[in-house]
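Colleague: Build me a structure from this.
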Amino acid sequence: MLTKLENYNKIFTSQADCKTKLERYFHVYLTDNSEEIADIESLAEFLGCTRRDILALEKDENYGSAIANAKNSIARIKKQLAMRGKIPAAVLSFDMKNNHDYTDKGENAVDESTTIIIQGDAAKWAN
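Modeller: Presented below is the predicted three-dimensional model:
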């Protein structure tokens, strides 16, 4: 795993090289390997690095925007596959949380300043 940002030139020699390699991944590699599903790990293997390198590269000032756009494309592809029943929703959910910074939204979030009034039989049960 590459741990220092200055070592990322082992993956990309320039922003133009980054753009070229990402375009090749989406438009050549995935097309030629139609059974392959776009994901972070597949992209990392294609680039000769690790998943963690991809996630760290997203913070790099030279390559971050391109990597973020690639991750967005991967998320879009996987979401469409899940909506068409090609991959299980649980797999999509796991991947989105681990590779795309998605989180579950609390559905029952209660503001501490909210007053809840319990009446009738429920009031008896609450005590």
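Colleague: C-alpha only now, for contacts and for neighbours.
Modeller: OK.
Colleague: any idea how far Met96 lies from Ser113?
Modeller: 32 Å (CA to CA, to the nearest Å).
Colleague: same check, this time on Ile77
Modeller: 41 Å.
Colleague: about what we covered before: for Met96 and Ser113, indicate the residue with more neighbours.
Modeller: Met96 (17 against 6; other CA atoms under 10 Å).
Colleague: Could I get the average pLDDT for the host helix or strand of that one?
Modeller: Applying DSSP states H and E as the criterion places Met96 in helix 89-99. Taken as a whole, helix 89-99 has a mean pLDDT of 91.
Colleague: Name the spans of the chain whose pLDDT lies under the cut-off.
Modeller: Within the chain, the stretches with pLDDT under 70 are 1-7, 106-111, 116-118, 120-127.
Colleague: same thing but at 50, please
Modeller: Across the chain, the ranges flagged by pLDDT under 50 are 2.
Colleague: residue closest to the middle of it?
Modeller: The centroid of the chain falls nearest to His100 when counting by CA atoms, centre = their mean (2.0 Å).
Colleague: May I ask you to confirm that that one is in contact with Asn69?
Modeller: No - between His100 and Asn69 there is no contact under CA atoms under 8 Å: 11.2 Å.
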